[in-house]
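> Next input, structure requested:
(2 chains)
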Amino acid sequence: MFIYILSRIGQAVPVILTVTFIAFAMFAYVGDPVTIMLGQDYTEEQRQALIEALGLDQPFFVQYARFVANAVRGEFGLSYRLGRPVLSLIAERLPATLELSLVAAALALLVGVPMGVFTGLYRESWLSRAFLVFSLVGVSLPTFLIGILLILVFAVILGWLPSFGRGEVVVFGWWSTGLLTASGLKALILPSITLGLFQMTLIMRLVRAEMLEVLRTDYIKFARARGLSNRAVHFGHALKNTLVPVITITGLQLGAIVAFAIVTETVFQWPGMGLLFIQSVGYADIPVMSAYLMLIALMFVSINLIVDLLYYAVDPRLRVDRGRLGRTGV
Amino acid sequence: MSAAPRSPGRLARLLDSDIAYSFLHSPVALPSALVALLCIGGALLAPWIAPHDPFDLAGLNLLDAFTPPVFMPEGRLGFLLGTDDQGRDLLSTIMHGARISLLVGFSAVLFAMTLGVAIGLLAGYVGGSLDAVLMRIADIKLTFPTILIALLIDGVVRAALPRELHDRVALPVVIFSIGFANWVQFARTVRGSTLVEKNKEYVQAARVIGLHPLRIMASHVLPNVLGPVLVIATLNLGFAILAEATLSFLGVGVPPTQPSLGTLIRIGNDFLFSGEWWITVFPGLALVTMVLSINLLGDWLRDALNPKLR
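Prediction:
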């Protein structure tokens, strides 16, 4: 177990290092931060002073080491566009994005898994076919178009739900939440459906395929032969064994959800990190872009790590194999 | 690949093959191929068959702006799908937009395919530490979603180049960023089949007669690993078109002077609240129809070429 965790962490480190390197290269070589930060009028002394203050006269690896050290402490510099520390900009918007992503993921799971189980159990029913067609359309519709269509129907034509923003938020310390007010909850409905729909269809197809596979196995036949109820067979035996790949995919998709939140946040003007990022791309605001890149990389790598560990906890076979491998010293 | 060498002409042989049989007997393949052909044909021939020229400023009349589609009470026969805010005929702009979307999609897939196949061949044939490094890079790349990589590349180019220059290179940049975000799948597949092929006798024979490794890779191994690549390319085309539309919707894709379907949807999005829904909905519908038919075709091709499913 310990060796397994160590090897997973060992694989994560090069990824993080590569990403910080790319982020640093962007930071140091794209555009000229000195000219941008000084603005229109400056003297040569001011310029030299700033170059020294930023450490741009140092050798490459010293600069890189300093960049990484600063990043670890959470210092990503000032935003070119807003002139404020990048860290506080991101911290302000992090809760909005996380809330949206988690609600979307929960929605995808809570709807996708039952739909997958149903289509797996009753393959021939018309409802299953309808679900499958729906999933095909869900895959071919781009996220932004789903958002626009939902806005058109529920905000413009029916006028039931708000089309932009987060509604009223309640602030606890540095965390702001829209989950506790009626308007916040209402504002969350359309964006979370938009963001979760693709994942929902993905999970549905996955659960269906796994269910079909599991239902053919001998232990299911044995469970039926023992006279267990359908309910016990379907949920106690079959569904339980489909969950391993579902956990993996959902975990990995959580990263994709956070990334696709960029699109959803743009459609719904949701004040999250994604909207901040897209505005930064438009203005070539490199500090924000490189900080966002590193943050996302860290998030992705930790999610992958957690998924690997969960996998290990859920699937006993993996434990036995790994244990053997460990003992023989491979 | 499966047609037996017989005396009749090529067409007869093609019609007799498994692929043709599967194509003619699948409930999905023929209709989606027709729809895809219609979309692609309409897009490619846009300059000649579109009812109006949306980029001819002299032909535009602001009085025509916001004309609803023809089936609505205020619709006019000259503008089947209505007009946008500048009085451009929507059907024509959609046809021209689809042209850009397809151009970017095809080029991006071609670029991803070339890069991926080259890397996969090298990694598989040479092996050793080169293989390890290339596949490690592929792993790292896979950690990030395509759209994020494409956005980053676009953002960096935007920062590095002055504005006028940027608008001129925007199209190649979009193609590069989408293509670069998608090479891994090609590389992995080709590497896998190359590992199998390289130990076969014909490759060993080529090696024995002293051919240069590059020559062996290009003219002996390559033709034998291309089958699955074509399937991946088809499935990737729909995806690349969606990626381009998403980038253009976010405002970082193709320049506004050459609007793609994504750009049209973005422009129309501003008029959603004032009731001019058609400016968004029709380009969106065109995009979905095109991508759905290409995806269905790709799905069919994958199943038809998969010997396990026969």
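
> what sits against residue A:171?
Contact partners of residue A:171, counting by C-beta atoms under 8 Å, 6 or more residues apart in numbering or on different chains, are residue A:177. Quick note: C-beta positions are derived from backbone N, CA and C, even for glycine.

> pLDDT score assigned to the residue of chain B found nearest chain A?
Closest contact between chain B and chain A, by C-beta to the nearest C-beta, is at residue B:159 (3.4 Å). pLDDT, residue B:159: 71.

> cool, and residue B:290?
Looking at residue B:290, its pLDDT is 88.

> Please tell me I have it right and residue A:304 contacts residue A:254.
No - the pair formed by residue A:304 and residue A:254 falls short of the contact definition of C-beta atoms under 8 Å, at 10.0 Å.

> hang on, the earlier thing: gap between the residue of chain B closest to chain A and residue A:280?
Taking C-beta to C-beta, to the nearest Å as the criterion, residue B:159 is separated from residue A:280 by 10 Å.

> Between the two, point out the one with more neighbours.
Counted by other C-beta atoms under 10 Å in any protein chain shown, residue B:159 and residue A:280 do not tie: residue A:280 has more neighbours, with 26 against 22.

> Lowest average confidence across helices and strands of chain B, where is it?
The weakest-scoring helix or strand in chain B, judged by mean pLDDT, DSSP states H and E, is helix B:10-16 (a mean of 68).

> For the residue of the stretch 151-300 of chain A found nearest chain B, grab the count of nearby residues.
With C-beta to the nearest C-beta, the shortest gap between the stretch 151-300 of chain A and chain B falls at residue A:284, namely 3.4 Å. Per other C-beta under 10 Å, the neighbour tally for residue A:284 reads 22.

> And the pLDDT at residue 164?
As the question left the chain open, I've gone with chain A. The model reports residue A:164 with a pLDDT of 75.

> nope, chain B
The predicted local confidence for residue B:164 comes out at a pLDDT of 71.

> Up against chain B, what does the stretch 51-200 of chain A have?
Proximity of the stretch 51-200 of chain A to chain B is assessed by C-beta under 8 Å from any C-beta of the partner chain, with A:136-137, A:139-145, A:148-149, A:151-152, A:156, A:163 identified as the residues in range.

> can you pull out the helices in the chain?
If you meant another chain, say so; for now it's chain A. Listed in chain order, the helices found in chain A under DSSP state H are A:2-29, A:33-38, A:44-54, A:60-72, A:86-121, A:126-140, A:143-150, A:182-215, A:218-225, A:230-231, A:240-268, A:273-283, A:286-314, A:316-328.

> not quite, I wanted chain B
Remark: helices assigned in chain B by DSSP H are B:10-16, B:18-25, B:29-44, B:46-49, B:90-126, B:128-142, B:146-160, B:163-180, B:183-197, B:201-208, B:213-216, B:222-249, B:261-269, B:278-305.

> most tightly surrounded among the ones you listed?
Across the helices of chain B, averaging neighbours per residue (mean count of other C-beta atoms under 10 Å in any protein chain shown) puts helix B:261-269 on top, at a mean of 26.

> Show me what that one is packed against.
Helices and strands touching helix B:261-269, by 3 or more C-beta pairs under 8 Å, 6 or more residues apart in numbering or on different chains; DSSP states H and E, are helix A:143-150, helix B:90-126, helix B:222-249, helix B:278-305.

> got those helices as JSON lines, with distance to residue A:273 columns?
Conversion of the helices and strands packed on helix B:261-269 to JSON lines gives the following (distance: least, C-beta to C-beta, whole Å):
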{"stretch": "helix A:143-150", "distance to residue A:273": "16"}
{"stretch": "helix B:90-126", "distance to residue A:273": "27"}
{"stretch": "helix B:222-249", "distance to residue A:273": "17"}
{"stretch": "helix B:278-305", "distance to residue A:273": "26"}
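
> Select, out of those, the one closest to residue A:213.
Go through those one by one with C-beta to C-beta and the one that ends up closest to residue A:213 is helix B:278-305, at 17.8 Å.

> circling back: can I assume the residue of the stretch 151-300 of chain A closest to chain B is in contact with residue B:159?
Yes - with contacts counted by C-beta under 8 Å, residue A:284 reaches residue B:159, the gap being 3.4 Å.

> Roughly how far does residue B:254 sit from residue B:173?
Going from residue B:254 to residue B:173 by C-beta to C-beta gives 9 Å.

> Ok, residue B:26 next?
38 Å.

> same thing with residue B:182?
When C-beta to C-beta is applied, the distance between residue B:182 and residue B:173 equals 15 Å.

> which residues does residue 254 contact?
Assuming you mean chain A. Applying C-beta under 8 Å, 6+ apart to residue A:254 gives the contacts A:101, A:105, A:303.

> Chain B, not that one
If you count contacts by C-beta under 8 Å, 6+ apart, residue B:254 has them with B:100, B:104, B:170-171, B:174, B:244, B:248, B:260, B:262-263.

> and what of residue A:190?
A:147, A:150-151, A:154-155, A:161-163, A:268.

> Most widely separated two among the residues you listed?
Checked with C-beta to C-beta, those reach their widest spread between A:147 and A:162, with 13.1 Å between them.

> for chain A, what are the low-confidence residue spans?
Per-residue confidence for chain A (pLDDT under 70) gives these ranges: A:1, A:29-40, A:54-56, A:173-174, A:314-330.
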